[in-house]
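S.K.: How does the following fold in three dimensions:
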Amino acid sequence: MNSINDDKLYSLGLEHYKKNKLDNSYDFLIKIKNKNLNTYKLISNIHIKKNDFKNAELTLNQILSFDKENLFALNSLGDLNRLKKKYNIAEKFYKKTIFYDKNFVPGYFNLASLYEDKGELKLAKGLYLNVIEIDNKNYAAYFNLLRLDDNSVTEETIIKIENEIKFNKDSHDKNIAYGHFVLAKYYRKKNKINMEVKELSKGHKIFFDSNPINKNAVDYWLEKVPKKMNKKIIFNNIDKNKFKSSNFEPIFILGIPRSGTTLVETIITSGEEKIYNAGENFIIQKALQNSQLNKKIYETDDSLEVDISFLRKNIIESYMEYFLIKSEKFKFIDRTMTNFFFSEILLELFPNAKIINCKRDSFHNLVAIYQQCLNNLPWSHNVQDIKKYISIYNSKLKKLENIYSKNILNVELKKLTEFPENTSKELMSFCNLKWSENVLKYYERKDLICTTASNIQIRKKIFKYDSAKFSPYKEYFDNF
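M.R.: Prediction:
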């Protein structure tokens, strides 16, 4: 009887998980009396999706206590440690998967991707070739190989991929989407822009359709969040003494993807002064969600009331825990893309915050995003959604500049590449940091880790911005 109940609970948990109803899914799974490996796998995935890394790690280690060679658990612990920036530990877990199974494609692929982030590009290339040797239809591996070296895939292979995916009718297969992105890169190199755009369109549609959650995510970020954050914000329970937050010296790097945020972040962290770097994280979003759960945010039709004292304490403690420090005075960078939605709240929390607004020509930005496969940004797979996101961002920053101009520095990507020394000096001065030649020699750093789509470009010197390369696309995309 218990077994039947357990099977039913698991089915209900899986059903809710597929609908992204994570709390409901967990409620069913936790009731299972005789939990097997599949149950623990699903529970660990729920924790990971909710960014609850502590419980995810506990669950994955439970799996290993049953089966020390469990590839899913080892690979997931690699992913988890990579998210926590424990790259050496992540590397060990990925290597273990390959040790236990010489044909375990995810192990090779994730290890290659990790080496990409670390700048060990030759090792990465070799591992992607291992993936293709095991599975010559793994188009994501070909796609990443082309990112490393656009001569690494032969024309014969391109024709083979084109023939293989031509008649594939699976409109939800992410791997097929990567096949179209490979063809798009090939046609861009051949300067066949019309063919490139067609392949990009096919690839993005399949990629978007591969996960039903994407539709809800686009609605959340392009409709619900902007609507909520455009309301009048009322700050309640304001501390009379704000010394705790004024001791912090945050630098928030904001910008649309492909606007130079990674370059700006790398320049700032290449100076002589130690700056804690949170990169992209979930601290602000989790703190806001926590405030909502604790009824410290009250929303009406036209206003948003925020208990700023509760939120401030939560966020400051989260940063201190993230950086493993106890000091209440330190300087840090946060480059979380979605922080711009909450910019007024950030400046109430940190009145001395520095905001770097990375800017790029909107049309160029549109094309640069569409040419990529930004797999964690569902709105980036549709031209109209990209336009809407850019418009929301530009509107928000314009409004912000009118009120908080002293807190904001605009950094134009074109200007930064044409006049790197003067622009980087202005940038460092604004952040109250000392400039040195090292900030422009960031590519020589041995400790440079980059997890964005710029992880190849950032290994080279700044090169002059090329506006002309976007001109051929004007007949295929409406301008702004």
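
S.K.: Got phi/psi on residue 372?
M.R.: In terms of degrees, to the nearest 10, the main-chain angles of residue 372 are phi -100, psi 170.

S.K.: my read: it touches residue 366, true?
M.R.: No. In this structure, residue 372 sits apart from residue 366 without contact. The criterion is CB atoms under 8 Å, and the distance is 11.5 Å. Every C-beta, even on glycine, is put in place using the N, C-alpha and C of the backbone.

S.K.: out of those two, which sits in the busier spot?
M.R.: Between residue 372 and residue 366, counting by other CB atoms under 10 Å, residue 366 is the more crowded of the two (24 against 17).

S.K.: Which helix or which strand is home to residue 292?
M.R.: Assessed by DSSP states H and E, residue 292 sits inside helix 283-293.

S.K.: Which parts of the stretch 301-450 of the chain are strands?
M.R.: Read by DSSP state E, counting those that start in this stretch, the stretch 301-450 of the chain holds these strands, from start to end of the chain: 303-307, 331-334, 354-359, 408-412.

S.K.: Quick check: which of those strands is nearest to residue 341?
M.R.: Among the strands of the stretch 301-450 of the chain, strand 303-307 comes nearest to residue 341, with 11.9 Å by CB to CB.

S.K.: who does the closest one pair up with?
M.R.: Under the criterion DSSP bridges, strand 303-307 sits next to strand 232-236 (parallel), strand 297-299 (antiparallel) in its sheet.

S.K.: how about low-confidence regions in the stretch 251-400 of the chain?
M.R.: The model of the stretch 251-400 of the chain has pLDDT under 70 over residues 328.

S.K.: ok, which stretches of it are helices?
M.R.: With helices called from DSSP state H, counting those that start in this stretch, the stretch 251-400 of the chain shows them at 261-269, 283-293, 308-323, 343-349, 362-370, 383-404.

S.K.: got the domain boundaries for this protein?
M.R.: 35-135, 213-475 (automatic domain parsing).

S.K.: Now tabulate these in JSON lines and tack on distance to residue 19.
M.R.: Below are these laid out as JSON lines (distance: least, CB to CB, whole Å):
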{"stretch": "domain 35-135", "distance to residue 19": "12"}
{"stretch": "domain 213-475", "distance to residue 19": "8"}
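
S.K.: what residues are up against the residue nearest to residue 112 when sequence neighbours are not counted?
M.R.: Sequence neighbours aside, residue 127 is the residue nearest to residue 112 in space, at 3.5 Å (criterion: CB to CB, 6 or more residues apart in numbering). Residue 127 makes contact with 108-109, 111-112, 115 under the criterion CB atoms under 8 Å, 6 or more residues apart in numbering.

S.K.: quick one: pLDDT of residue 127?
M.R.: Among the per-residue scores, residue 127 holds a pLDDT of 98.

S.K.: ditto for residue 151
M.R.: Predicted confidence (pLDDT) at residue 151: the value is 89.

S.K.: Let me know the secondary structure of it.
M.R.: Following DSSP: H, G, I helix; E, B strand; the rest coil, residue 151 is assigned to coil.

S.K.: Could you list the buried residues of stretch 79-92?
M.R.: In terms of neighbour count (16 or more other CB atoms under 10 Å), stretch 79-92 has its buried residues at 79-83, 87, 90-91.

S.K.: mind putting the residues you listed in JSON lines, distance to residue 103 and secondary structure included?
M.R.: Output for the buried residues of stretch 79-92, formatted as JSON lines (distance: CB to CB, whole Å; DSSP: H, G, I helix; E, B strand; the rest coil):
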{"residue": "79", "distance to residue 103": "19", "secondary structure": "helix"}
{"residue": "80", "distance to residue 103": "23", "secondary structure": "helix"}
{"residue": "81", "distance to residue 103": "23", "secondary structure": "helix"}
{"residue": "82", "distance to residue 103": "22", "secondary structure": "helix"}
{"residue": "83", "distance to residue 103": "26", "secondary structure": "helix"}
{"residue": "87", "distance to residue 103": "25", "secondary structure": "helix"}
{"residue": "90", "distance to residue 103": "21", "secondary structure": "helix"}
{"residue": "91", "distance to residue 103": "19", "secondary structure": "helix"}
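
S.K.: out of those residues, what pair is the most spread apart?
M.R.: When the buried residues of stretch 79-92 are compared pair by pair using CB to CB, the maximum separation belongs to 83 and 91, at 13.8 Å.

S.K.: winner for burial among the strands of the stretch 301-450 of the chain?
M.R.: Highest mean neighbour count of the strands of the stretch 301-450 of the chain: strand 354-359, a mean of 23 (counted as mean count of other CB atoms under 10 Å).

S.K.: Report the strands that pair with that one, each with its relative direction.
M.R.: Under the criterion DSSP bridges, strand 354-359 sits next to strand 249-255 (parallel), strand 408-412 (parallel) in its sheet.

S.K.: Using PDB, write down the CA coordinates of the shortest one.
M.R.: Translated: strand 408-412. Only the C-alpha atoms of strand 408-412 are listed here, as PDB (Å, rounded to 0.1, in the frame of the first residue of the first chain):
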ATOM      1  CA  ILE A 408      25.500  57.100 -11.900                       C
ATOM      2  CA  LEU A 409      28.300  57.000 -14.500                       C
ATOM      3  CA  ASN A 410      27.400  56.100 -18.100                       C
ATOM      4  CA  VAL A 411      30.100  54.100 -19.800                       C
ATOM      5  CA  GLU A 412      29.700  53.800 -23.600                       C
END
